[in-house]
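Asks: return a 3D structure for these sequence lines:
(4 chains)
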Number of protein chains: 2
Amino acid sequence: MTLPKRFRDTILAAQRSGHRVFADMLRPLGLTPAWAEVLTTLQENGPLSIRELSHFLICEADHPSRLIKRMEDKGFITRTPDPNDRRAVKLVLTESGEAAADKVAGIETGFNEWIEQRLNADNVSTTIQTLERLMKGTPEARSLENRYPDSH
Amino acid sequence: MTLPKRFRDTILAAQRSGHRVFADMLRPLGLTPAWAEVLTTLQENGPLSIRELSHFLICEADHPSRLIKRMEDKGFITRTPDPNDRRAVKLVLTESGEAAADKVAGIETGFNEWIEQRLNADNVSTTIQTLERLMKGTPEARSLENRYPDSH
DNA sequence: TCCATTTACATGACATATCATATTATGGAG
DNA sequence: CTCCATAATATGATATGTCATGTAAATGGA
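Replies: You can find the predicted model right below:
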């Protein structure tokens, strides 16, 4: 048994496990983890174009235009044309989107507690460091740097 | 900034980063990471029913029947009815499936080296321990136990 | 100014994932 | 033996993720 293979299986399993738990918490709100990520990102980082938004997202970092379209259809987001660039749009949360983002923040607190019950801060920090070293130079690392600029 | 939130963003980013790198390595073979997981699992664990297979998979652990169907259509897998249970099937690799599984093993070796270049064994073990503690009792942990029985 | 290149976004196509439900077979209670 | 709960698999529906391609607008050099 090679350790690296088990390592990546473990990361995959952890991601899926956490995703499932988080999705279960969000389901009563009619939201998914990807939607939650967009809602909180827009709430914290103001009006963004689709391209700018994608630089913050870990999920769907390629081009989230269809994700945005669905959220627009549900009334969480409005798009206004960018006056300086007719190709681009500015995405802003609607009132309903802001309310959903607030609820997501509450759910995230619960999820963070779920993690804190199982792991101490030292384990968490060490794992973050290890994984960041693994990702150095990848596009995913850049999304993390955008989300957590103070730590990079 | 809460550490647990950054922790789960980092796990998501690491999983996606690794998935992308692995997918790029597999693409010339016309395979995806999920297909690779099925191929190597069947090669190592002999004929399995779809249900049994799902207990080994981290990907698509719910019910991989459509994944199997696509791999069958490509000629990698044959299904034979289980003589003891007419509902169930036994999945076996075709000759072409065996050859693909061998190639996947080679790719995995390369991927493992990619990881070993970036992390030492101690980092890897510590991270595995932390993530396994996080997942204790979840279905994902059970899939890992099936894949790596000696360590549990 | 003109045109090639780049950028922002959309969309087609396909492969995961996951929930809910349907279908058929098994096995046990009565 | 009959009926019912359960199990194995399949499928519809929808969301996510990714690659390739298309369209229109901006940009910068000749």
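
Asks: what about the nearest residue to A:Leu29 once chain neighbours are set aside, neighbour count?
Replies: With C-beta to C-beta, 6 or more residues apart in numbering or on different chains as the measure, A:Lys103 is the residue that lies nearest to A:Leu29, at 5.5 Å, once sequence neighbours are left out. For the C-beta atoms, the positions are set from N, CA and C on the backbone; glycine is no exception. A:Lys103 has 15 neighbours, counted by other C-beta atoms under 10 Å in any protein chain shown.

Asks: chain A: helices as residue ranges?
Replies: When assigned using DSSP state H, the helices of chain A occupy the ranges A:3-26, A:33-45, A:50-54, A:65-73, A:95-118, A:121-135, A:139-147.

Asks: redo those as TSV? Include distance to DNA strand C and mean pLDDT.
Replies: Conversion of the helices of chain A to TSV gives the following (distance: least, C-beta to the nearest atom of the strand, whole Å; pLDDT from 0 to 100):
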stretch	distance to DNA strand C	mean pLDDT
helix A:3-26	5	93
helix A:33-45	10	95
helix A:50-54	3	94
helix A:65-73	3	94
helix A:95-118	15	93
helix A:121-135	18	94
helix A:139-147	14	91
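
Asks: gap between A:Glu132 and B:Glu140?
Replies: When C-beta to C-beta, to the nearest Å is applied, the distance between A:Glu132 and B:Glu140 equals 23 Å.

Asks: those two: which has the busier surroundings?
Replies: Set side by side, A:Glu132 and B:Glu140 show more neighbours around B:Glu140, with 25 against 20, by other C-beta under 10 Å.

Asks: list the contacts for the more buried one?
Replies: Each residue near B:Glu140 by C-beta atoms under 8 Å, 6 or more residues apart in numbering or on different chains is listed here: A:13-14, A:16-17, A:20, B:58, B:61.

Asks: out of the helices of chain A, which gets nearest to B:Glu113?
Replies: B:Glu113 lies closest, by C-beta to C-beta, to one member of the helices of chain A: helix A:3-26, at 7.9 Å.

Asks: using PDB, write out every CA atom in the closest one.
Replies: Provided in PDB are the C-alpha atoms of helix A:3-26 (Å, rounded to 0.1, in the frame of the first residue of the first chain):
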ATOM      1  CA  LEU A   3       1.000   6.200   1.300                       C
ATOM      2  CA  PRO A   4       0.400   8.800  -1.400                       C
ATOM      3  CA  LYS A   5      -2.500   6.800  -2.800                       C
ATOM      4  CA  ARG A   6      -4.100   6.500   0.600                       C
ATOM      5  CA  PHE A   7      -3.400  10.200   1.100                       C
ATOM      6  CA  ARG A   8      -5.300  11.300  -2.000                       C
ATOM      7  CA  ASP A   9      -8.200   8.800  -1.200                       C
ATOM      8  CA  THR A  10      -8.400  10.300   2.200                       C
ATOM      9  CA  ILE A  11      -8.500  13.900   0.900                       C
ATOM     10  CA  LEU A  12     -11.200  12.900  -1.500                       C
ATOM     11  CA  ALA A  13     -13.200  11.100   1.200                       C
ATOM     12  CA  ALA A  14     -12.800  14.100   3.600                       C
ATOM     13  CA  GLN A  15     -14.000  16.500   1.000                       C
ATOM     14  CA  ARG A  16     -17.000  14.400   0.100                       C
ATOM     15  CA  SER A  17     -17.800  13.800   3.800                       C
ATOM     16  CA  GLY A  18     -17.700  17.500   4.600                       C
ATOM     17  CA  HIS A  19     -19.600  18.300   1.500                       C
ATOM     18  CA  ARG A  20     -22.400  15.900   2.400                       C
ATOM     19  CA  VAL A  21     -22.700  17.200   6.000                       C
ATOM     20  CA  PHE A  22     -22.700  20.800   4.800                       C
ATOM     21  CA  ALA A  23     -25.200  20.000   2.000                       C
ATOM     22  CA  ASP A  24     -27.500  18.300   4.600                       C
ATOM     23  CA  MET A  25     -27.400  21.500   6.700                       C
ATOM     24  CA  LEU A  26     -28.200  23.700   3.800                       C
END
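
Asks: many thanks, I have nothing further to ask.
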